[in-house]
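S.K.: Need a 3D model of the sequence below.
(one chain, ligands or ions: 1)
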Amino acid sequence: MNLVLLGAPGAGKGTVAQELVAEFGVAHISTGDLLRAAVKGGTELGIQAKKYMDAGELVPDQLVIDLVKERLAADDAQQGFILDGFPRNMVQAKKLWDALQQAGMKLDYVVEILLPREVAKNRIMGRRLCKNDNNHPNNIFIDAIKPNGDACRVCGGELTARADDQDEAAINKRHDIYYDDKTGTLAAAHYFKALAEKGETKYIVLNGQGTIDSIKETLIKELGLN
Ligand code: ADP
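M.R.: Got it, this is the predicted structure:
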């Protein structure tokens, strides 16, 4: 199963991706996670990317496209993948489609998660990252995944907040890019919807409100895998 997850920052892409990984053993490819790892590792890419990420701006397309292409060529991605945070604009969407065609890979599904902007903003400001594993869900504003005091609810690890999650200007910028339907992420969404109308992929819309379990159940039903 090859799948692209679309959704505004804070809509719950990472959480849904984790559920799908646990269920189907596909590779989770999050460009945000890959870029943060590059920043942490002090690589050339990380050094270039950091200033854009701190400001909530897109890292230049070519850097991210090369990163994704390399990741898609890895062994584990041949068993299926979930792209999370990519594509984020029209240029990336077209490049992805071309790269998949060239590699003889299919894009089975595009899943768009809907969540009101204000709700998403609150979730972003409440989320915390576990030092041991980025994917441990912790959010001080969501009862179901509240941290254990100051510690990760899953492993007790130390929690931090991403700088770009505590900066309202950076959050607004990220949301503006998402809701831009001329060249931004919603433009990419329209591009995939048009491909779905031609039968070249399938397009699924999910309501991001509700519990993680209910969203997961709906998605599995929509994927026809229940
Ligand atoms: P969020 O979805 O909350 O914005 P991400 O972890 O997906 O968080 O992304 C964090 C930052 O990484 C973005 O604001 C951007 O600077 C960079 N980034 C992630 N994915 C892409 C992408 N596909 N193209 C360009 N920049 C990206």
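
S.K.: rest of the way, CA atoms for contacts and neighbours
M.R.: OK.

S.K.: which parts of this structure sit against the ligand?
M.R.: For the chain, the contact set with the ligand under Cα under 6 Å from any ligand atom comprises 9-10, 31-33, 52-53, 56-61, 64, 85-88, 174.

S.K.: Contacts only, for Arg127.
M.R.: Neighbour list for Arg127: Pro137, Asn138, Asn139, Ile140, Phe141, Ala161, Asp165 [criterion: Cα atoms under 8 Å, 6 or more residues apart in numbering].

S.K.: Quick check: phi and psi on the most centrally placed residue in the chain?
M.R.: When the chain is reduced to its mean C-alpha position, the closest residue under Cα atoms, centre = their mean turns out to be Asp84, at 2.8 Å. The main-chain torsion angles of Asp84 are listed as degrees, to the nearest 10 and equal phi -130, psi 110.

S.K.: That one against Lys13, yeah?
M.R.: Yes - taking contacts as Cα atoms under 8 Å, Asp84 lies within contact range of Lys13: 6.4 Å.

S.K.: who touches Val21 in this structure?
M.R.: The contact partners of Val21, by Cα under 8 Å, 6+ apart, come to Ala27, His28.

S.K.: you'd agree it is in a helix?
M.R.: Yes - assigned with DSSP: H, G, I helix; E, B strand; the rest coil, Val21 falls within a helix.

S.K.: how far away is it from the ligand?
M.R.: Using Cα to the nearest ligand atom, to the nearest Å, Val21 is found at 17 Å from the ligand.

S.K.: what about the helices in this protein?
M.R.: With helices called from DSSP state H, the chain shows them at 13-24, 31-41, 44-55, 61-72, 90-103, 117-126, 168-179, 185-197, 212-222.

S.K.: As JSON lines, those helices with distance to Gly149 would be great.
M.R.: Putting the helices of the chain into JSON lines (distance: least, Cα to Cα, whole Å) gives the following:
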{"stretch": "helix 13-24", "distance to Gly149": "21"}
{"stretch": "helix 31-41", "distance to Gly149": "25"}
{"stretch": "helix 44-55", "distance to Gly149": "27"}
{"stretch": "helix 61-72", "distance to Gly149": "36"}
{"stretch": "helix 90-103", "distance to Gly149": "40"}
{"stretch": "helix 117-126", "distance to Gly149": "14"}
{"stretch": "helix 168-179", "distance to Gly149": "25"}
{"stretch": "helix 185-197", "distance to Gly149": "36"}
{"stretch": "helix 212-222", "distance to Gly149": "22"}
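
S.K.: Serialize those to a markdown table and add fields for mean pLDDT and distance to Val4.
M.R.: As requested, the helices of the chain are exported to a markdown table (pLDDT from 0 to 100; distance: least, Cα to Cα, whole Å):
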| stretch | mean pLDDT | distance to Val4 |
| --- | --- | --- |
| helix 13-24 | 90 | 10 |
| helix 31-41 | 96 | 12 |
| helix 44-55 | 96 | 21 |
| helix 61-72 | 96 | 12 |
| helix 90-103 | 97 | 10 |
| helix 117-126 | 96 | 19 |
| helix 168-179 | 97 | 15 |
| helix 185-197 | 98 | 10 |
| helix 212-222 | 91 | 13 |
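
S.K.: Just tell me which of those ends up closest to Leu206.
M.R.: helix 212-222 (7.2 Å; Cα to Cα).

S.K.: Could you check the closest one and say which residues are buried?
M.R.: Of all the residues in helix 212-222, those buried under the rule 16 or more other Cα atoms under 10 Å are Ile215, Lys216, Leu219.
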